[in-house]
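Novice: Provide a 3D model corresponding to the input given below.
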Amino acid sequence: MERIICLIAGYIFGLLQSGYFYGKAHKIDIRNYGSGNSGTTNALRVMGAKAGAIVFIGDFLKSLLPCLMIRFLFRTQPEMIYLLTLYTGFGVILGHNYPFYLNFKGGKGIAATAGLIVAIDLRLTLLCLAAFILIVAVTRYVSLGSLVVATILFVWLFIFGRIGTFGIDQRLLPEFYIVAALISGQAYWRHRANIGRLVRGRENKISIGSGKK
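Specialist: Numbers count the residues shown, from 1 in each chain. From the prediction side, this is the model:
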């Protein structure tokens, strides 16, 4: 029952589409421009650095806050707390990527994933941040940096789950790995077009828009 509650609560938080609402406040539907999604990168490209920062913070917090809330509420169940945190984060990502009131057309879930990462482990956060900055700085491919972060997340959870860092009941580890794989897999699924362009050498490099009003 706790799993369902966390998943649903996460989905509800995920419905807060920062990019869509910011765009509407400036008289545009962000989904009609650029890549066609409502995430941070598209907001950055279409509306400029300020918009990108605001959208990122909004999408980041809508994941971080419920994940921290779940960690607090279930603090007396240490053997399950990280699993329930993953369910919450996964729910946020699903709500962000597939908002029902926008015909299930949202973002790609990377900022929301970042909020989950911070809620899980500071060391993981620093590793993912360093990897993302390095890759984007060198290649200027945000999609590649995002995919590497998603991969690091799964590998980290698998390794440290196995050695007992998260204190998860051994019987729950297979489920923990499955949810972790679904979270990372969602990033790959949402970036499938980007992956195709990366393979063909046609992926768009990061650029900042002129800042639509």
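Novice: Local confidence estimate at Met47?
Specialist: What the model reports for Met47 is a pLDDT of 89.
Novice: I figured it hits Lys27, correct?
Specialist: No: in this structure Met47 lies outside contact range of Lys27 using Cβ atoms under 8 Å: 11.1 Å. All C-beta atoms are positioned from the backbone trio N, CA, C, and that covers glycine.
Novice: ok, those two, which is more surrounded?
Specialist: In this view Met47 and Lys27 are compared by other Cβ atoms under 10 Å, and Met47 has more residues nearby, 26 against 8.
Novice: for the helix or strand of the chain with the lowest mean pLDDT, packing partners?
Specialist: Across the helices and strands of the chain, the lowest-confidence element by mean pLDDT, DSSP states H and E is helix 40-47, at a mean of 88. Helices and strands touching helix 40-47, by 3 or more Cβ pairs under 8 Å, 6 or more residues apart in numbering; DSSP states H and E, are helix 18-25, helix 49-73, helix 110-120.
Novice: Which among those helices is found nearest to Cys6?
Specialist: Proximity to Cys6 (Cβ to Cβ) singles out helix 49-73 among the helices and strands packed on helix 40-47, at 5.7 Å.
Novice: Relative to Arg162, how far out is Ser184?
Specialist: 16 Å (Cβ to Cβ, to the nearest Å).
Novice: Return the set of buried residues in stretch 44-58.
Specialist: Along stretch 44-58, these residues count as buried under the neighbour rule (16 or more other Cβ atoms under 10 Å): Leu44, Arg45, Val46, Met47, Gly48, Ala51, Gly52, Ile54, Val55, Phe56, Gly58.
Novice: brain fart, stretch 99-114
Specialist: Pro99, Gly106, Gly107, Lys108, Gly109, Ile110, Ala111, Ala112, Thr113, Ala114.
Novice: Verify the contact between Ile81 and Arg75 for me.
Specialist: Yes: using Cβ under 8 Å, Ile81 is in contact with Arg75, at 6.6 Å.
Novice: So between the two, which is more surrounded?
Specialist: Neighbour count, other Cβ under 10 Å: between Ile81 and Arg75, Ile81 has more, with 19 against 9.
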